[in-house]
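Chemist: Structure of the sequence below:
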Amino acid sequence: MVATDLCRPDSVEQGYNTYLLKAATFKTRYGEALNEPDAAGRRQYRPVGKKMLFAVLQPGEGPWSFAAPWGDTDSD
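Modeler: Residues are numbered from 1 along each chain as shown. As a prediction, the model looks like this:
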């Protein structure tokens with residue numbers, strides 16, 4: 001399965017945030033289709049991820065660091 005984030009208007013054409021998923025994995029991360037297939041056979045699905053907590057830092061607060069589930073890290 002190919003999943004593409006549609007937050008950017010050019011995401012499909014440019015391949016932004018495009019992921020390949022095994023069909024079994026796709027079923028655990030996305031619910032039922034929200035629409036009929038378009039002319040290219042694409043359908044929209046709502047992600048069903050884990051619940052997350054968010055912290056909003058004000059300018060000057062920090063330092064902060066972040067570790068993605070796949071191991072990438074970023075920091076202030």
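
Chemist: Mind telling me what element Lys27 is part of?
Modeler: When elements are defined using DSSP states H and E, Lys27 is found to belong to helix 23-29.

Chemist: so what secondary structure elements neighbour that helix?
Modeler: With contacts taken as 3 or more CB pairs under 8 Å, 6 or more residues apart in numbering; DSSP states H and E, helix 23-29 sits against no other helix or strand. Any C-beta I mention is one placed from the backbone N, CA and C, and that applies to glycine too.

Chemist: average model confidence for it?
Modeler: Mean per-residue pLDDT for helix 23-29: 90.

Chemist: Name the next helix or strand downstream of it, please.
Modeler: strand 30-33.

Chemist: Parallel or antiparallel, list what pairs with that following strand.
Modeler: Applying DSSP bridges to the sheet, strand 30-33 is found paired with strand 45-47 (antiparallel).

Chemist: Report the buried residues of the partner strand.
Modeler: When burial is assessed from 16 or more other CB atoms under 10 Å, strand 45-47 yields no buried residues.

Chemist: quick one: average pLDDT of it?
Modeler: 88.

Chemist: after it comes which helix or strand?
Modeler: Toward the C-terminal end, the helix or strand that comes next after strand 45-47 (DSSP H and E) is strand 65-67.
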